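Student: Model the structure of this input:
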Amino acid sequence: MLDIWASVGAGSIADEGLTWTTGRIFHRGKELTSWRFDAAGPLPPFVNISQSRTEEILQELADADPLITIRWDHDVTDLEQDATGVTARCTTGASGASGAFVRGSFVVVCSGGRSVALRDALGVDFPGESGGDRFLIVDVRTDWPGRETERHFHFDPPWNPGRQVLIHPCPDSVYRIDWQVPPEFDLDAERAEGRLDARIRQVLGDRPYEVLWVTEYRFHARVASRMAVGRVLLAGDAAHVYAPFGARGLNSGVPDAENAAWKIAFVSRGWSPLALLDTYDIERRAAALENLDVTTATMRFLAPSTEAERAHRRDVLERASAGAVKAGDIDSGRFAEPYWYDRSPLTVPEPSRPCVGRPPRGTSSPVAPGVIVPDVPFRIPSEQGATSEPQLDGSSHGDDQAPAAGRTVRLRALLRDGITLLADPSLPHRELLAAAEKATSAPVSCPAPAAVQEALPDLRPGELWVVRPDAHIAAILQNPAPEAVASAVRKALGHDLPAT
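Tutor: Residues are numbered from 1 along each chain as shown. Next comes the predicted model:
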């Protein structure tokens, strides 16, 4: 997700965020296991940063873009679409006056989990469940030497018996403490009677602290029955909500936005047929269901609701205390990874490169059609030769100056403007590029194959990868003829889809 933000100029999110180095899991005060986070790659593996700061950075970018208009105080109450566009009916201002209309070619509904009226207007259901357990979050600022980059997860600690607590650091000496609390928990009474301070002291000890934010929540697990209805797409919490452990809400909504953006752009410019928008539902709903499966499994372990689930958790934790289970068997949340579009109608399968689906915890998906390209350093060669030079975002954090020859950038920074061919140097890449350009009016580029081979040790002899604008591999072709490349490019852009 950080590379998506970097591609639109929001690389400062990665710069400002904090990356944990160590994760530790405890049971009844005893440490069961620990691990270190892999920091390899041009960007951090993840960062921890507040939603409010993220929104500020994105708001600043939107305000500076002359192509973006933000209309505050417009509450969209209905959507009407026809063959050429969509009309949004709005109420405006504090009084909620009706009668405002906004017209557009397409609409992306990203109005949050409570978008009931808009989902109903589209005939979209929102099946799933809401958890019965309650959780309390407190953000505190304090000096805590030795804990600045460590995530701690406690099962059944003495100071929250029978439940769990997550503690993790944020930027600027802020720590988030997330308790599972009993059903009868009363935050107002907890504050008034001093129990909130006592609860925090059980975690922090006697060090001084400042409370910055307090909230309660219940988790929800729901996915929309459809994420695309004609010219209207649903994204983010309007399309799916999950339990927060594993950070899969925002890490799913941002790829939703990118998937929607490149497809709307290509349809609008005449580079793809309208049917391409149907693949938004196919691809992103599959990703939503994957995230639902992962987060539901986590919550069954963290907050078991049946005797069988409670017995399973007791067994795992007790055996872990005796050193008899692997760390991966203790589910305290699995971090999000880019989804794999191997079953998309835009993807060409390759038997020698099968997609394995969900990778083992803490690893990346092996290279395969549908999988995202590794985000490795790429050295801009002194001469691009006869290949088309791609538009570059300039750096790993998305500034807009093209890098000079010899400079190293992220590979994914080369892949956002159209179709990219990543070719082994043994292939006739000029001829293959010409065939791809002839097959589409969309931009096509082919970075210097020698530099590609240097950056991608996974690129096998005789291979050519056809890469989409979202950096996912649409096809891996073995010693392809020009017509095979042209066919894969047309398929990746939706030209093989039935008309809608």
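Student: I figured A451 was touching S382, is that so?
Tutor: No. Using CB atoms under 8 Å, A451 is not in contact with S382, being 9.9 Å away. (C-beta placed from N, C-alpha, C; glycine too.)
Student: more neighbours, these two?
Tutor: Comparing A451 with S382 by other CB atoms under 10 Å, the one with more neighbours is A451, at 18 against 10.
Student: quick check, the more buried one in a strand?
Tutor: No. Counting by DSSP: H, G, I helix; E, B strand; the rest coil, A451 is not part of a strand but helix.
Student: now the helices for this structure?
Tutor: 2-7, 12-16, 51-64, 116-122, 187-192, 195-204, 250-268, 278-302, 307-321, 429-439, 449-455, 482-492 (DSSP state H).
Student: what's the angle between the longest one and helix 250-268?
Tutor: In this structure, helix 278-302 runs at an angle of 180 degrees to helix 250-268, with axes from the mean of the first three to the mean of the last three CA atoms, to 10 degrees as the basis.
Student: So which bits of helix 278-302 are buried?
Tutor: Within helix 278-302, the residues that qualify as buried are 278-281, 283-288, 290-292, 294-296, 298-302, counting by 16 or more other CB atoms under 10 Å.
Student: out of the helices of the chain, deepest packed?
Tutor: Across these, averaging neighbours per residue (mean count of other CB atoms under 10 Å) puts helix 2-7 on top, at a mean of 24.
Student: Could you export the helices of the chain as CSV, including distance to F219 and mean pLDDT?
Tutor: As requested, those are exported to CSV (distance: least, CB to CB, whole Å; pLDDT from 0 to 100):
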stretch, distance to F219, mean pLDDT
helix 2-7, 25, 93
helix 12-16, 25, 94
helix 51-64, 16, 94
helix 116-122, 19, 94
helix 187-192, 17, 94
helix 195-204, 20, 96
helix 250-268, 15, 96
helix 278-302, 6, 95
helix 307-321, 15, 91
helix 429-439, 46, 97
helix 449-455, 40, 95
helix 482-492, 37, 98
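Student: how about the ones you listed, which one is nearest D78?
Tutor: Of all those, helix 116-122 sits nearest to D78, with 5.4 Å by CB to CB.
Student: Residues touching that closest one, excluding its own?
Tutor: 76-79, 109, 111, 125-126, 224, 226, 229, 232, 234, 238 (CB atoms under 8 Å, 6 or more residues apart in numbering).
Student: repeat that with 6 Å
Tutor: Contacts with helix 116-122, where a contact means CB atoms under 6 Å, 6 or more residues apart in numbering, come from D78, L79, V109, F126, V229.
Student: And those, which of them are buried?
Tutor: L79, V109, F126, V229.
Student: Can I get those in TSV including distance to D178 and pLDDT?
Tutor: Putting these into TSV (distance: CB to CB, whole Å; pLDDT from 0 to 100) gives the following:
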residue	distance to D178	pLDDT
L79	36	95
V109	29	97
F126	25	97
V229	36	96
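Student: now, the most widely separated pair of the residues you listed?
Tutor: Once CB to CB is applied, those give L79 and F126 as the farthest pair, at 16.1 Å.
Student: which stretches of the chain aren't confidently modelled?
Tutor: 39-40, 95-96, 327, 383-404 (pLDDT under 70).
Student: and the residue nearest the centre of it, what does it touch?
Tutor: Taking CA atoms, centre = their mean as the criterion, N251 is the residue nearest the geometric centre of the chain, at 2.7 Å. By CB under 6 Å, 6+ apart, N251 lies in contact with M1, A336.
Student: Now with 10 Å, please.
Tutor: By CB atoms under 10 Å, 6 or more residues apart in numbering, N251 lies in contact with M1, L2, F46, Y242, N291, F335, A336, E337, P338.
Student: of those residues, closest to G162?
Tutor: Taking CB to CB as the measure, G162 lies nearest Y242 of the contacts of N251, at 24.1 Å.
Student: Now do V241 against E337, distance only.
Tutor: According to CB to CB, to the nearest Å, V241 stands 19 Å off from E337.
Student: And for R141?
Tutor: From R141 to E337 the distance is 31 Å (CB to CB).
Student: Which one's more surrounded, the two?
Tutor: When R141 and E337 are compared for neighbours, E337 comes out ahead with 18 against 15, by other CB under 10 Å.
Student: That one against S365, yeah?
Tutor: Yes. E337 lies in contact with S365 (CB atoms under 10 Å); the separation is 7.0 Å.
Student: overlap in contacts of those two?
Tutor: Common neighbours of E337 and S365, counting by CB under 10 Å, 6+ apart, are R358, P359, I372.
Student: Tell me what the last one is bridged to.
Tutor: This points to I372. Beta-bridge partners for I372, by DSSP bridges, are H472.
Student: neighbours of it, just the number please.
Tutor: Neighbour count for I372, taken as other CB under 10 Å: 23.
Student: quick one: contacts for it?
Tutor: Residues counted as contacts of I372 (CB under 10 Å, 6+ apart) are 3, 255, 337-341, 364-365, 412, 415, 467-468, 470-473.
Student: What's the separation between it and L415?
Tutor: 10 Å.
Student: what's the overlap in contacts for these two?
Tutor: D3, V467, R468, D470, A471, H472.
Student: Quick check: beta-bridge partners of the residue lying closest to the second one once chain neighbours are set aside?
Tutor: If I follow you right, that is V467. Leaving aside its sequence neighbours, V467 sits nearest to T420 (CB to CB, 6 or more residues apart in numbering; 4.3 Å). Note on T420: beta-bridge partners S445, V467, judged by DSSP bridges.
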